[in-house]
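Student: Structure of the sequence below:
(4 chains)
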2 protein chains.
Amino acid sequence: MTSVEEAPDPIREHLLDAAEQVFYSRGVQAVGMDRLRTAANLPLRRIYQLFPSKDELVVAFLRRRHLRMMASITEFAGKADEGAAQVSAIFTWLHKWFCEPDFRGCPWMNVFGELGATNPAVAAEVHHHQREFRKLLSGITVDAGYSRETGNVIHLLAEGAVSTAAVQRTAAPATEARRAAEILIAAEKPGKKRSGSAR
Amino acid sequence: MTSVEEAPDPIREHLLDAAEQVFYSRGVQAVGMDRLRTAANLPLRRIYQLFPSKDELVVAFLRRRHLRMMASITEFAGKADEGAAQVSAIFTWLHKWFCEPDFRGCPWMNVFGELGATNPAVAAEVHHHQREFRKLLSGITVDAGYSRETGNVIHLLAEGAVSTAAVQRTAAPATEARRAAEILIAAEKPGKKRSGSAR
DNA sequence: CGATGATGAGAACGGTCATTCTCACTGGTG
DNA sequence: CACCAGTGAGAATGACCGTTCTCATCATCG
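Tutor: Here you go, the predicted model:
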């Protein structure tokens, strides 16, 4: 689209696909470079010339997944009717995510627990993701005509739903969280169906 | 108290203190048995005769911390006035936890991200903790006169607050979550101050 | 005192990890 | 054809890990 962005290297993308798959499903430290090599079907040499260290590969996979998630939620919420329905759509999106067979919680929280304390670059990437995610959900809520405080709570509900769905292995928390979100926004502006003046 | 429970071995407790400290602050796999030995100031031999493997030590530290957390919340909420104040107290408790200088998120979620996929015993312990935690918060909410559904949402808010406080390094999510909880319970039973007939 | 079984301190072991290196080979260029 | 920069495949390297073993020391009890 833009002239600044390079065409993405397909081998690099393929490597990131494999990294995402194995790191997310098993954890970072549980997966050796040899297993990654096998998963990507790429010579170790090529992996290391694309990413100089495992750590940078981890950061890159988190960053790419972040962009994908943000775009996906934005698009999905955008398709809903203006107003409260866009907030509800957040939780519908989450519900679909939780139902994916290889769902195993929040990739960023998982990596945070494992490497957050020892790897500043990873900690910064997780921090950045969550900040942006929070801003996205707050933004959707504010655009729907509600307060930023309510938006922040929507984010807390979403984070809680992800953790709980991961550990309990059920998508039900998405539904619980959606109901709560609908009560909260109804409590803020009772009797409201169409989009009001945003901001 | 009970005649069945043995007097706890003080060396074992000391070892668990050290394990909890180092595993929680740095992650499990980032801490070798040698560092744990140093932290506990105990011969490796004694560590291994108390716990036959590192994995069992991890499970034991999670279990002991779970019991401590459950008892602490129960006691703290019990001191609040009956009714809605007990639900609010949950988030006051969380706020105090988030303000502790070595707070680094939920010990169980951290370990889940690291070992949940590869270590079934650890995954089961995390699952058990979260189930019990959810039951505790739901129970407090129900005892305060509200529905179990609301109790489950209280739990989602609490989980979200822990994750967010950990990554953003601020206790503010506890306050945000408390406000949301108060709105939710007010929406369920408007105009209510003293304890109603529980259950 | 002398014998015995347990203890502390740390070395040793077998395995795995991230990273680098070797080397035979390839495809493109003079 | 001769040359050579770069490639694929995997071995080598050096560090570290969880666990076990050694052995000098010590407390206990006859």
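
Student: Remind me which helix or strand the closest residue to residue A:116 other than its chain neighbours belongs to.
Tutor: Excluding the flanking residues, the one nearest residue A:116 by CB to CB, 6 or more residues apart in numbering or on different chains is residue A:123, at 4.6 Å. In this view, the C-beta of every residue, glycine as well, is placed from N, C-alpha and C. Here residue A:123 sits within helix A:120-143, counting by DSSP states H and E.

Student: Next, the buried residues of that helix.
Tutor: Within helix A:120-143, the residues that count as buried by 16 or more other CB atoms under 10 Å in any protein chain shown are A:122-123, A:125-127, A:129-130, A:133-138, A:140-143.

Student: Show me what that helix is packed up against.
Tutor: If you count contacts as 3 or more CB pairs under 8 Å, 6 or more residues apart in numbering or on different chains; DSSP states H and E, helix A:120-143 packs onto helix A:54-78, helix A:84-99, helix A:107-115, helix A:148-168, helix B:148-168.

Student: Figure out which of those helices is closest to residue B:41.
Tutor: Of all the helices and strands packed on helix A:120-143, helix A:107-115 sits nearest to residue B:41, with 26.7 Å by CB to CB.

Student: Run the angle between the closest one and helix A:120-143 for me.
Tutor: Here the directions of helix A:107-115 and helix A:120-143 differ by 150 degrees (axes from the mean of the first three to the mean of the last three CA atoms, to 10 degrees).

Student: Off-centre distance for helix A:107-115?
Tutor: Distance, stretch centre to chain centre, for helix A:107-115: 12 Å (CA atoms, centre = their mean, to the nearest Å).

Student: Show residues contacting that helix.
Tutor: Helix A:107-115 has contacts (CB atoms under 8 Å, 6 or more residues apart in numbering or on different chains) with A:20, A:23-24, A:27-29, A:58, A:62, A:65-66, A:104, A:122-123, A:125-126, A:129-130, A:162-163, B:27, B:29-30, B:105, B:109-114, B:116, B:163, B:166-167.

Student: Could you list the contact residues of chain A toward DNA strand C?
Tutor: With CB under 7 Å from any atom of the strand as the criterion, chain A meets DNA strand C at residues A:29, A:31, A:32, A:33, A:34, A:44, A:45, A:48, A:52, A:53, A:54, A:55.

Student: Show me what counts as buried in stretch A:8-27.
Tutor: Neighbour-count burial for stretch A:8-27, counted by 16+ other CB under 10 Å, picks out A:15, A:16, A:18, A:19, A:20, A:21, A:22, A:23, A:24, A:27.

Student: how about the first one, what does it touch?
Tutor: So that's residue A:15. Residue A:15 makes contact with A:40, A:42, A:46, A:47, A:50, A:51, A:57, according to CB under 8 Å, 6+ apart.

Student: Without its sequence neighbours, what residue ends up closest to the most centrally placed residue in chain A?
Tutor: Centroid-nearest residue in chain A, with CA atoms, centre = their mean: residue A:69, separated by 4.7 Å. Leaving out its chain neighbours, the residue that sits closest to residue A:69 by CB to CB, 6+ apart is residue A:133, at 7.6 Å.

Student: can you check residue A:72 too?
Tutor: Spatially, and ignoring its direct neighbours in sequence, residue A:72 is nearest to residue A:93 (7.2 Å; CB to CB, 6+ apart).

Student: gap between the one you found and residue A:63?
Tutor: Per CB to CB, to the nearest Å, residue A:93 is found 20 Å from residue A:63.

Student: got it, and residue A:112?
Tutor: Taking CB to CB, one finds residue A:112 at 14 Å from residue A:63.

Student: The two: who's more crowded?
Tutor: The neighbour comparison of residue A:112 against residue A:63 (other CB atoms under 10 Å in any protein chain shown) goes to residue A:112, with 30 against 14.
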